[in-house]
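**Q** any chance you can model this:
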Amino acid sequence: MTTDRNLLHAQSILRDLATDWSQPAPERYDAHVLPQKLVATVTKLNQARWGYLAAITGLDKGPEVGEFEVLYHFCAGAAVLTLRVTLNRAYPVIPSVCAVFPYASPYERETGEMLGIRFDGTPDDSWLFLPDDWEPEVFPLRKDTVLNGGDA
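**A** Alright, predicted model coming up:
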C-alpha cells in the first residue's frame with residue numbers, strides 16, 4: 001500500500017474517534033484524540049493492523065499555556081500517524097495503552113518520569129533513568145523545572 005493510501009486508510013479507520021486532523025508533512029498525519037477515546041483509538045488501529053506503535057513522547061506547552069501533549073507515533077511503511085492527546089497540566093492523567101500494546105510500558109514510564117504525566121492502569125510506573133534519590137516531584141523535561149540551581 002502506498003504512503004498516501006496508508007494515511008487515507010488511517011483516516012477512515014479513525015473517522016469517528018479523531019476530533020481534528022492535520023498534515024504537517026507529506027508522509028505524516030496528526031490525529032487529535034480526546035484522552036477518554038485514546039484506548040478505543042489504539043484498539044481500532046491494532047484491530048485494523050494499521051502499522052505499529054513506534055514511540056510515545058510528550059510535550060510541555062509550558063505553565064502559561066497549562067497543557068501537555070502526549071504523542072503516540074504509529075508507522076506503516078513510510079507513513080507516520082501521530083495521535084495527539086492534550087492534557088490539562090494541573091491534572092496530567094491519561095489512560096495506559098499497555099492492555100493493547102504491552103510493549104508500550106517503557107514509553108509510558110519514560111514520559112511519566114520526565115514530565116510527571118500519570119498513565120492510569122500502567123502495569124509498571126517505576127523510573128527508568130533517574131537515580132533512586134531523585135526528588136519525586138521534580139520532572140526534568142517540564143519547562144518550569146529548575147535543575148542544578150539554574151533558571152527555569
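**Q** pLDDT of stretch 89-99, averaged?
**A** Over the span of stretch 89-99, the pLDDT mean works out to 97.
**Q** which residues touch that stretch?
**A** 35-36, 38-39, 42, 53, 56, 60-61, 63, 65-68, 70, 72, 85, 87, 104-105, 108, 115-123 (C-beta atoms under 8 Å, 6 or more residues apart in numbering). The C-beta positions use only the backbone N, C-alpha and C, and glycine is treated the same way.
**Q** for it, buried residues please.
**A** By 16 or more other C-beta atoms under 10 Å, the buried positions in stretch 89-99 come out as Arg89, Pro92, Ile94, Pro95, Ser96, Val97, Cys98.
**Q** point out where the chain drops to low pLDDT.
**A** Along the chain, the parts satisfying pLDDT under 70 run over 1, 149-152.
**Q** where do the strands sit along it?
**A** For the chain, the strands defined by DSSP state E occupy 20-25, 28-32, 52-60, 67-76, 79-88, 93-95, 118-120.
**Q** mind listing what the second one pairs with, with the direction of each?
**A** On the basis of DSSP bridges, the sheet neighbours of strand 28-32 come out as strand 20-25 (antiparallel), strand 79-88 (parallel).
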